[in-house]
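1. only geometry, no sequence info:
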């Protein structure tokens, strides 16, 4: 004689069980999102530091070697792109940081009064704040 299936074996998932699974999935998604955002911010900072050093070494220093002088503040990075020392990274023909702001060139520099500064104003785009990235 066969027994009919018991009620507990035939029941589905309860609403509470579904909610527990959704809460767990939400916590996992939140943890992943926090890590992805942090990695993105770290990558943007690293890119800006690399860009600043490349502009300084491949652009400004190369210009000085070939032309015998530093570009003026007014000439800025634009002359380095125009003369072919650097390549623009956008359709406007300029070099912008990861946050969409143009890099700043100063001669003489504020951080290096005897030379020049190449800098990004950082994520906030405001000069003179602690998040500025300056060539060394």
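-> Yes, it's here. For clarity, every value in this text was computed on a predicted model and none was experimentally measured. Numbers count the residues shown, from 1 in each chain.

2. Could you find the closest non-adjacent residue to residue 81?
-> Counting by CB to CB, 6 or more residues apart in numbering, residue 88 is the residue found nearest to residue 81 once chain neighbours are left out, at 5.2 Å. (Each C-beta comes from the backbone N, C-alpha and C, glycine too.)

3. any idea what the one you found is structurally, helix, strand or coil?
-> Following DSSP: H, G, I helix; E, B strand; the rest coil, the label given to residue 88 is coil.

4. Could I get the phi/psi values of it?
-> Residue 88 has phi and psi values of phi -60, psi 150 when expressed as degrees, to the nearest 10.

5. ok now do it, which residues does it touch?
-> 81, 94, 95 (CB atoms under 8 Å, 6 or more residues apart in numbering).

6. any idea how far it lies from residue 106?
-> Distance of residue 88 to residue 106, given as CB to CB, to the nearest Å: 20 Å.

7. circling back to that earlier point, least confident pick among the contacts of residue 88?
-> pLDDT across the contacts of residue 88 is lowest for residue 94, at 93.

8. With residue 87 as the reference, measure out to that residue.
-> For residue 94, the distance to residue 87 - CB to CB - is 11 Å.

9. who has more neighbours, these two?
-> residue 94 (15 against 11; other CB atoms under 10 Å).

10. For the longest helix seen in the chain, list every residue counted as buried.
-> Identified as the longest helix of the chain according to DSSP state H is helix 15-54. For helix 15-54, a neighbour-count test (16 or more other CB atoms under 10 Å) marks 44, 45, 48, 51, 52 as buried.

11. so residue 45 touches residue 120, yeah?
-> No: contact between residue 45 and residue 120 fails when scored by CB atoms under 8 Å: they sit 9.3 Å apart.
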